[in-house]
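Student: Sequence and predicted structure, then a few things I'm wondering about:
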Amino acid sequence: MAAHLLRRCRRLLPGPGLSTGRAQGSVPSTGPVEQPIPSTGPAAGPRARAEQEDSEQQRLRERIRAAGSPQELLQLGQGAALSSNLAALAIGRLARVTRLQRLDCAGLHGDPRFQQLLQALDVQLSQVWNAPLLQLLRSLPALGLARGGRPLRSVEQEVLWRLRRLPLRQLVQLAEQLAPQGPDSALLPEVLRKLELRWTELDAPRAVVTLMARVGHLSPALMERLEDKALELAEQFDPDELRRVALALALQQRRCVPLLRALSYHLLQKPAELPLPVLTDLLFAFSKLSFQQPQVLHRLSLELQPHLGSLSPAQVLRCARSFASLRWLSRPLAEAIAQYCLDNTQNLSLPQLCGVLVSFARLNFQPGCSEEFFSMIQERLQGQEQQLDVHLLTDVVWSLCVLQRSRVSHLCQLLSPEFQERLRGDSSPRAQSSWLKLLHINATARLEVPGYEGPFLPPEALGGHGHSDRDRDRDRDKATPLQRGLREALPGALGGPDLVRYNVSTVYGWDIDAEAVLDSDNKPLPVRDFAAPHLSHSEGTKALPPGARRVAVLRWELPHFSSPGRELLGRGSLARRHLRAAGFLLAEVPHHEFLELKLERQRVAYLRDKVAKVLASDTAGDTATDTAT
C-alpha cells in the first residue's frame, strides 16, 4: 500500500524533484513543463488567422491601388471572395482607370466578374467605410449604371442613413459631389439641410469657399450662413480664395456689401503682386455687382497694365467692359488697351473691337493715338456693318457720336427707314435702349453735322421716349434724393408752373428738370407762350423776343460721373453738347454740390445763383464776341 501511494504521489510532484531512473522512465521530465502549451493553442489560433486575414486584405488593397487596367481589377473577384469594403475600393479604382484611359464601360455590365463585385458590395454594404461609400456615388454612374438602378439606390440609402454621423469634412465633399446633379439628386436636399444645421462647425476657409462656389446657389438659406462664416474667416483667405468668393457672389448676383468690403480690405493687405487670374476675375466680379472700391480698383488697374500684352482679345475686352461698368477711368491702362488694339488688329474680331470702342465711349475717353485708333476702327467697319447685331451697330454709331467721330454714311444707315424696321416690334429693355440711342444719333445729325440733309427719324418717333402719367407716378416714387430736392426747390427759384416747364422730355432724347425763358433783362416770361422746337408737340407759337434766352436746369447724378473724379462720362458729355447746340443755357446741378445743402432756402439760393452765373457767362461771351468783331 505504501509503495502504491508513493507512486501516485510521485505523479503529482515535479519531475526534477525525483531522481530515480524508474521515475524518469515512467513519467517524462518534460511532460509537466510542456503542459501549458495545449491550453494556449486555442487562443493563439484565431489571432494568427486574424493577422493572416489582415495581411491578405492589405495585400489586396495594394493590388487594387496599383491596378492599371480593368482586367486586373476584375480578376481580383475570381479568387477568394472580396469583402464589401474591398469591392467598393475595386469599383472606385475601376471607374478611375476607365476614365483615365477613356474606355467604353458598356461591356462591363454583362461581365460576370463585374457582377460578382456588385454582389460582394451588396452583401454587406453597411460594412463599407465612409470614404469608399461616398466614392461609390460618383463611381457607379461613371461606369454607366443607371441612377435609378438598384446598386446606386442602395448606396444612396446607406449614405442617407449615415448623414447624421458623417464628419463635416465628408459632408462638404458629398455636397460638392452632388451639386452638379442639382434637382435631379434625391440625396442633395438632405445634405443641404444637414449643412444648414451644422454650418457653425465650419472652420476651414477652403470648405467655406468650396460650398459658396459649388453649392450656395442651390440653397439661399445656406448661402446666407456661408456669407456670415466667410466674413468671419476673410482674414485667413489667400488671394485665390478671395477671388473664388467674389466670383461666387457675382455669379449668384448676391451683393453682400459687408463681405465685399471685407474682401477688399484684406485684398489690399496682401503685399505680394496678385496673380493674373485674380486680377481679371476680381475685376469681373466687382463690375458684375457694381461694387466700387477706389483703392482696390486702383491696384487692379495698376497691376493689370504690365500683363495686358499676355491677355487674349476676349480677356482684354472683358477688362475694358468691367472698367466701363464701374465708371473707372485709368488713363494709362486705357491707353495701353488702345495700343493693344492697334498692335493686335488681326487677332481682334470686329465685335470685340466694337466692344472696346463702346467702353471708351461710356468713359468719354479719347486715346492719345486717336487718329490711328479711329482710322483702324473705320477701316474695319467699312462694308461690315451688316454683319453686326442691330443693337451692337446702334451702340457703335452712338459711341462714335459721343467721341465726335461719326461719319455721314453711318448716320444715313441708322436713320434710314429700313434700319428702323429692324428695331420695330421689339419691346425688350435692350431694344428700348437702342431706340433712345437712335434719338441721340438723330440729334447728332441735326445739331452737330453741318450740311447733313437726311434721312432723319420721322416726327412720330421723336416723342417715343416720353413718359405717360403712369410712368411719371412710378418715377416719382423712385425719385433720387437729388431729384426730390430739385422738385421742392425749383418753384421757389424760377417761378410757378405758368413761368416754368418742369420734367421736359425733348426730341433729342434728353430729359431736363426745368425750362425757363428769360428776357433781355433776365425776367421770366411765360414759357408756354413760345414755340418750342425741342418738343414733339409745342404748346405756343410765338417766336422768342430779341435778347430772350432759354435756360435749362440739368441735374447730374452720381452715375453720370467717373469714379476717380468728377468728370462727366460719355452720356452726360453728349447731352451737354446737344442741349447747348439746341440753344439752351445750362444751369448744371451736380449731386455733390446740391445734396450738401440741407435747408430749402439754401437750395433755392443755390439754384438762383446757378442761373445768374449762366446768364452772366453768356452775356460776357456775347460781349467778347462783339468786341472781337
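Tutor: It's in.
Student: Only the buried residues of stretch 106-113, if you could.
Tutor: For stretch 106-113, burial by neighbour count (16 or more other Cβ atoms under 10 Å) applies to Leu108. All C-beta spots, glycine's among them, are computed from the backbone N, C-alpha and C.
Student: so where's the stretch 151-300 of the chain uncertain?
Tutor: For the stretch 151-300 of the chain, no stretch is flagged by pLDDT under 70.
Student: Which parts of it are strands?
Tutor: For the stretch 151-300 of the chain, applying DSSP state E, counting those that start in this stretch gives no strands.
Student: Low-confidence regions, this structure specifically.
Tutor: For the chain, the ranges with pLDDT under 70 are 1-45, 48-54, 56, 77-81, 463-477, 621-629.
Student: per the record, what domains does it have?
Tutor: 61-165, 383-462, 469-628 (automatic domain parsing).
Student: Could you export these as JSON lines, including distance to Asp240?
Tutor: Converted to JSON lines, these look like this (distance: least, Cβ to Cβ, whole Å):
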{"stretch": "domain 61-165", "distance to Asp240": "25"}
{"stretch": "domain 383-462", "distance to Asp240": "34"}
{"stretch": "domain 469-628", "distance to Asp240": "26"}
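Student: which residue ranges form the helices in the stretch 151-300 of the chain?
Tutor: For the stretch 151-300 of the chain, applying DSSP state H, counting those that start in this stretch gives helices covering 168-178, 188-197, 205-214, 220-233, 239-251, 257-269, 276-288, 294-304.
Student: by contact count, what packs against the first one?
Tutor: Using 3 or more Cβ pairs under 8 Å, 6 or more residues apart in numbering; DSSP states H and E as the contact criterion, the elements in contact with helix 168-178 are helix 130-142, helix 188-197, helix 205-214.
Student: Now do it against helix 220-233: the angle between them, please.
Tutor: For helix 168-178 against helix 220-233, the angle by axes from the mean of the first three to the mean of the last three Cα atoms, to 10 degrees is 130 degrees.
Student: Name the surrounding residues that touch helix 168-178.
Tutor: Residues from elsewhere that reach helix 168-178, judged by Cβ atoms under 8 Å, 6 or more residues apart in numbering: 130-131, 134, 137-138, 159, 163, 166, 185, 187-188, 191-192, 194-195, 198, 201-202, 204, 207, 210-211, 214-215.
Student: Narrow these to those that are buried.
Tutor: With burial judged by 16+ other Cβ under 10 Å, the buried subset of the contacts of helix 168-178 is 134, 137, 159, 166, 185, 187-188, 191-192, 194-195, 202, 207, 210-211, 214-215.
Student: still on that earlier bit, which of the helices of the stretch 151-300 of the chain sits closest to Val402?
Tutor: helix 276-288 (20.0 Å; Cβ to Cβ).
Student: CSV please, covering the helices of the stretch 151-300 of the chain and showing distance to Gln413.
Tutor: As requested, the helices of the stretch 151-300 of the chain are exported to CSV (distance: least, Cβ to Cβ, whole Å):
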stretch, distance to Gln413
helix 168-178, 52
helix 188-197, 53
helix 205-214, 45
helix 220-233, 47
helix 239-251, 37
helix 257-269, 43
helix 276-288, 31
helix 294-304, 36
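Student: And these: which comes nearest Leu60?
Tutor: helix 168-178 (23.9 Å).
Student: Can you lay out the helices and strands packed on helix 168-178 as CSV showing distance to Lys542?
Tutor: Formatted as CSV, those follow (distance: least, Cβ to Cβ, whole Å):
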stretch, distance to Lys542
helix 130-142, 81
helix 188-197, 71
helix 205-214, 66
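Student: Quick check: which of those helices is nearest to Glu227?
Tutor: For Glu227, the closest of those is helix 205-214, at 7.7 Å, according to Cβ to Cβ.
Student: what's that closest one packed up against?
Tutor: So helix 205-214, by 3+ Cβ pairs under 8 Å, 6+ apart, packs with helix 168-178, helix 220-233, helix 239-251.
Student: Looking at the helices of the stretch 151-300 of the chain, spot the one closest to Gln58.
Tutor: Distance to Gln58, taken as Cβ to Cβ, is lowest for helix 168-178 among the helices of the stretch 151-300 of the chain, at 23.2 Å.
Student: Mind listing what's buried along that closest one?
Tutor: For helix 168-178, burial by neighbour count (16+ other Cβ under 10 Å) applies to Leu168, Gln170, Leu171, Val172, Gln173, Leu174, Ala175, Glu176, Gln177, Leu178.
Student: and what of stretch 117-124?
Tutor: Using 16+ other Cβ under 10 Å as the test for burial, stretch 117-124 gives Leu117, Leu118, Gln119, Ala120, Leu121.
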